[in-house]
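Asker: only the shape, not the letters, is given here:
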């Protein structure tokens, strides 16, 4: 086309369904126009609009203007939704694409009903849209209800309006972008995992070195324990100093001081030749404040286990297993505690009264002396079974000491007033009414007994020797 009085060579219209280009111009500015054809369904049927018949389904054409002077309105797409368009692929122009949506008459390329568009991009006949804007007090686009003025009217120099539906293409583009983002995240995760594998591979030599050092440490500990065992045996074979040198004397050297507890309550101590166990307060706990502390020969606390809710009065290592301790106390319980690789309380047996002392009778049988003078025998195979009363309920005073000789099956029961020997559960009174017992020590290998009495505020010591007939 050639330029005329309307300056047709100043702007270009590109139609997506055609290779033709049209040159258009505006009297005041230059614009580039892209035409689209869409189908819309009006969301709110505009009840107050009486100037056109109700059309629930109608097609609208959209012109997108781009200029340096005007911007698109944000409310162009309010209250509308897209209706799927049906294209038969024949390339023919539908009637709605060439007719005005106000009067439903065909557009013209000249004259009063020539095709024009508003700022929002919708197409109308020029006379129809001018009359529409003039008669409205606050004029709006009949299609999208965007504000419209006479100055918003633009003439379009086209013979037909046709647009391609690119909805599916846009959806595919969005899906492609999502797949790209997911692919990027998977690449980052893969790279992170590769770096982690490389780091773990570098740490493997250190793990092997640590395992080797742990093995060497265990071997050295075993050698030290074996050497100490041989030293203890050699010391036991040395005769007493009194027999080696007449008039020899001994001196005590102060060793390490061990702080057991800040509060009183440590009443019992026992040793197994390798370590000590002490019954004392182990922590500030409302339910289980007292327990057992295992102390090594060099004075180092090794293991602490809470066992009793009230003060314990006696604890004894098992002569059959040096890692098991029997304890009793004022909480009316008899407890068997293990100090092996997994320290724990193996048995917690209720007793009818406070326990004052306890001892081992065999690997599975234990005895406990009560405050009421009774001595009960329990079987650890079945602690729930009713215990056997060794004293046959004849006790009167608290039992302060129990010692058992496994070789002759002799049980020494010491109360505050007497010492009784039980041989095959038959009682034999050894010492009675000599005063209040403070302490008794029995050396079963020599059958010697050292007893401390308290008579009239004085303490006397007596030495007894037993002769078995």
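Answerer: Cool, the structure landed. If you're wondering where the values come from, they're calculated on a predicted model, not measured in any experiment.

Asker: can I assume residue 395 is in contact with residue 376?
Answerer: No: using CB atoms under 8 Å, residue 395 makes no contact with residue 376, being 10.4 Å away. C-beta: built from backbone N, CA, C; applies to glycine.

Asker: what's the overlap in contacts for those two?
Answerer: With contacts taken as CB atoms under 8 Å, 6 or more residues apart in numbering, residue 395 and residue 376 have residue 370 as neighbours in common.

Asker: is residue 131 in a helix, a strand, or coil?
Answerer: helix (DSSP: H, G, I helix; E, B strand; the rest coil).

Asker: near it, how many other residues are there?
Answerer: Look at residue 131: counted by other CB atoms under 10 Å, it has 14 neighbours.

Asker: how near is it to residue 388?
Answerer: Computed as CB to CB, to the nearest Å, the residue 131 to residue 388 distance reads 119 Å.

Asker: residue 286 now?
Answerer: 35 Å.

Asker: ok, those two, which is more surrounded?
Answerer: Between residue 286 and residue 388, counted using other CB under 10 Å, the more crowded position is residue 388 (14 against 6).

Asker: any low-confidence regions in the protein?
Answerer: Applying pLDDT under 70 to the chain flags the ranges 1-98, 159-164, 203, 233-253, 255, 434-469.

Asker: tell me the domain boundaries of it?
Answerer: The chain breaks down by automatic domain parsing into domains covering 11-165, 173-205, 268-465.

Asker: those helices in the chain, which residues are they?
Answerer: With DSSP state H, the ranges of helices along the chain come out as 126-135, 167-236, 241-244.

Asker: most neighbours per residue, which of these?
Answerer: helix 126-135 (a mean of 17; mean count of other CB atoms under 10 Å).

Asker: by contact count, what packs against it?
Answerer: Helix 126-135 is packed against strand 115-117, with contacts defined by 3 or more CB pairs under 8 Å, 6 or more residues apart in numbering; DSSP states H and E.

Asker: wait, what's in contact with residue 418?
Answerer: Residues near residue 418 by CB under 8 Å, 6+ apart: 429, 430, 431, 432, 433.

Asker: buried only: go through the residues you listed for me.
Answerer: Among these, those classed as buried by 16 or more other CB atoms under 10 Å are 430, 431.

Asker: make a markdown table from the contacts of residue 418 and add distance to residue 111 to it.
Answerer: Shown next, in a markdown table, are the contacts of residue 418 (distance: CB to CB, whole Å):
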| residue | distance to residue 111 |
| --- | --- |
| 429 | 143 |
| 430 | 142 |
| 431 | 143 |
| 432 | 144 |
| 433 | 145 |
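
Asker: closest one of the contacts of residue 418 to residue 320?
Answerer: residue 430 (26.5 Å; CB to CB).

Asker: quick check, the closest one in contact with residue 419.
Answerer: Yes: look at residue 430 against residue 419 with CB under 8 Å: they come within range, at 4.7 Å.

Asker: what's the overlap in contacts for these two?
Answerer: In contact with both residue 430 and residue 419: residue 412, using CB under 8 Å, 6+ apart.

Asker: residue 315: neighbour count?
Answerer: The burial count for residue 315: 27, using other CB under 10 Å.

Asker: make that residue 339, sorry
Answerer: When neighbours are counted by other CB under 10 Å, residue 339 comes out with 21.

Asker: so it versus residue 227, what's the distance?
Answerer: Separation of residue 339 from residue 227 (CB to CB): 23 Å.

Asker: which residue, other than its chain neighbours, is closest to residue 278?
Answerer: In space, residue 278 comes closest to residue 293 once its chain neighbours are excluded; the distance is 4.9 Å by CB to CB, 6 or more residues apart in numbering.

Asker: bridged to that neighbour, which residues?
Answerer: Note on residue 293: beta-bridge partners by DSSP bridges are residue 278, residue 304.

Asker: farthest-separated two in the contacts of residue 418?
Answerer: 430 and 433 (12.1 Å).

Asker: wait, doesn't residue 100 sit right on residue 113?
Answerer: Yes: here residue 100 reaches residue 113: they are 7.1 Å apart, a contact under CB under 8 Å.

Asker: that older thread, so the residue nearest to residue 278 makes contact with residue 304?
Answerer: Yes: counting by CB under 8 Å, residue 304 is a contact partner of residue 293 at 5.2 Å.

Asker: so what sits against both of these two?
Answerer: Common contacts of residue 293 and residue 304, defined by CB under 8 Å, 6+ apart, comprise residue 282.

Asker: these two - which one has more neighbours?
Answerer: residue 293 (22 against 16).
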